[in-house]
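**Student:** sequence? don't have it. structure:
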Ligand SMILES: [Zn+2]
């Protein structure tokens, strides 16, 4: 008999994190709402541990925060999540990485992935090399959409979920039963985001140092 999803799935070690269709449906709804209201949302994920996989099945909303922050409570569950409203990236800030390490459990960020056109337009205006990668990416996506290899809805929504482990390692949340193409696209999108996320974290660190001195 399958175990019921729990708010406290065992997360010891560094399992592969995958999400079911209902998990990604919840993520899409929450990121859309977060973007329309322009505030970060937070809560706990439901899931079960299956061997080396952590299978996430649903998201429960616990708190509505501000445009750039929301506080989280470890009592909610062992895998917590928060949103980054568009056009912010589904990438971790320096504060997020520290929160994951402090809580000792994986932390999820939900937002728009590197293949979201709004995101790419924004990124192109702001960044150097990753933006070139990103603009190549959007052409690739448009080609794939025209050739019918990906549903157009993916381009419109572009939802992505990322997980940060207490060690600081960051990985995409893959789709349970995802096709090899889907996995390849998720990985490519994740590469774009992690480059942008790294640039963002460098700025965060610099800013913290400047504030520390001032
Ligand atoms: Zn965050």
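**Tutor:** Great, that's in hand. Everything quoted here is computed from the prediction, not taken from an experiment.
**Student:** element containing the closest residue to residue 9 other than its chain neighbours, please.
**Tutor:** Distances taken as CB to CB, 6 or more residues apart in numbering put residue 47 closest to residue 9, at 4.3 Å, once the chain neighbours are dropped. (C-beta placed from N, C-alpha, C; glycine too.) According to DSSP states H and E, residue 47 maps onto strand 41-50.
**Student:** What helices and strands are in contact with the helix or strand in which residue 22 is found?
**Tutor:** Using DSSP H and E, residue 22 maps to helix 21-37. With contacts taken as 3 or more CB pairs under 8 Å, 6 or more residues apart in numbering; DSSP states H and E, helix 21-37 sits against strand 41-50, strand 53-64, strand 80-83, strand 107-112, strand 159-164.
**Student:** Enumerate the residues of the chain near the ion.
**Tutor:** When proximity is defined as CB under 5 Å from the ion, the chain approaches the ion at 93, 96.
**Student:** in the chain, which helix or strand is least confident?
**Tutor:** None of the helices or strands of the chain scores lower by mean pLDDT, DSSP states H and E than helix 152-157, at a mean of 47.
**Student:** give me the number of residues near the nearest residue to residue 82 once chain neighbours are set aside?
**Tutor:** Sequence neighbours aside, residue 42 is the residue nearest to residue 82 in space, at 4.0 Å (criterion: CB to CB, 6+ apart). Burial measure for residue 42: 24 neighbouring residues, criterion other CB atoms under 10 Å.
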